[in-house]
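S.K.: I would like to see how this sequence folds:
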Amino acid sequence: MVRRLVERDQRLWLSRSWTTREPRPGESSKDYTFVDRETFEDRIRAGGFLEWASFLGHYYGTPLPEVPEGSDVVLEIDVQGAAQVRKAFPEAVVILVVAPTKADQEARLRARGDGEDHVRSRVELAELEEADGRRLADHVVVNDDLDQAVSDLASIVQSHRGQPPGAVRPDLGER
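M.R.: A predicted model of the protein is given here:
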C-alpha cells in the first residue's frame with residue numbers, strides 16, 4: 001500500500017526502517033535494512049534513530065532521515081514508533097491502517113510467510129495496540145480494498161499539504 005502511494009506521489013519520500021529480524025521469503029534490502037542486534041544497539045546509543053522499539057523479540061527503528069528537499073516523509077511504523085514521532089514532532093500526521101477483520105489480518109500475515117506463533121502473537125498485540133493507535137491517529141484507513149485504501153491515503157496526504165502544522169481535516173477520518 002505504501003509503495004503504491006509513494007509511486008503515485010513523487011513528493012513523498014519513504015524512509016526505510018532497520019530491523020534485527022531475518023528477511024521473510026521474497027523480502028530484499030529495499031524493504032528494510034537488516035542488521036544484527038549489536039549494530040542496532042550501537043545506533044541506539046549513538047542517537048541515530050528517529051524512533052525505535054522492540055517488537056516481538058526484534059528491534060525495529062527509523063534512522064534519522066535525510067529527506068530530499070521538497071519531499072514529505074512517509075514512515076511505515078508501529079504504534080510505539082508513532083507515539084515517539086508524535087512526541088518529537090507534534091505536527092506529524094498519523095494515519096492508522098487496519099485490516100477489515102482479524103481473519104483478514106491473520107491471512108495476510110500467513111501469506112507473507114509468517115509462522116503460526118508469530119501470527120498468533122501479532123494478532124494478539126494488534127488487538128491491544130489498536131485502541132492506542134486510534135487515540136493517537138489523525139485518520140484511520142481500513143485496508144479492505146487496496147486501490148481504495150491507496151486513494152484514501154493520497155487524499156489524506158493532499159488534505160494536509162498547505163495546512164498549518166497540526167491541522168487535521170476531520171472529514172477525511174475513517175471511512
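S.K.: May I have the helix-or-strand element of the chain with minimal mean pLDDT exported as CSV, CA atoms only?
M.R.: Of the helices and strands making up the chain, the lowest-confidence element is helix 102-111, at a mean of 84, by mean pLDDT, DSSP states H and E. The C-alpha coordinates for helix 102-111 follow below in CSV (Å, rounded to 0.1, in the frame of the first residue of the first chain):
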residue,chain,number,x,y,z
LYS,A,102,-8.9,-10.3,12.4
ALA,A,103,-9.3,-13.2,10.0
ASP,A,104,-8.1,-10.9,7.1
GLN,A,105,-5.1,-9.9,9.2
GLU,A,106,-4.2,-13.5,10.0
ALA,A,107,-4.4,-14.5,6.4
ARG,A,108,-2.2,-11.6,5.3
LEU,A,109,0.4,-12.5,7.9
ARG,A,110,0.5,-16.1,6.7
ALA,A,111,0.6,-15.1,3.1
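S.K.: Can you give me the buried ones in it?
M.R.: Along helix 102-111, these residues count as buried under the neighbour rule (16 or more other Cβ atoms under 10 Å): Gln105, Glu106, Leu109. Bear in mind the C-beta positions are built from the backbone N, C-alpha and C, glycine included.
S.K.: Which other helices and strands does the lengthiest helix in the chain contact?
M.R.: Across the chain, the longest stretch assigned as helix under DSSP state H is helix 116-136. Here helix 116-136 touches helix 79-88, strand 95-98, helix 102-111, going by 3 or more Cβ pairs under 8 Å, 6 or more residues apart in numbering; DSSP states H and E.
S.K.: Now do that helix: distance to the chain's middle.
M.R.: Centre-to-centre, helix 116-136 and its host chain are 14 Å apart (Cα atoms, centre = their mean, to the nearest Å).
S.K.: Can you name the next helix or strand after it?
M.R.: Counting by DSSP states H and E, the element after helix 116-136 in chain order, helix or strand, is strand 139-142.
S.K.: What is the subsequent helix or strand relative to that following strand?
M.R.: Proceeding N to C from strand 139-142, the next assigned helix or strand is helix 146-160, under DSSP H and E.
S.K.: Which secondary structure elements does that next one sit against?
M.R.: helix 2-8, strand 95-98, strand 139-142.
S.K.: which of the ones you listed sits most buried?
M.R.: Comparing those by mean neighbour count (mean count of other Cβ atoms under 10 Å), strand 139-142 ranks first with a mean of 20.
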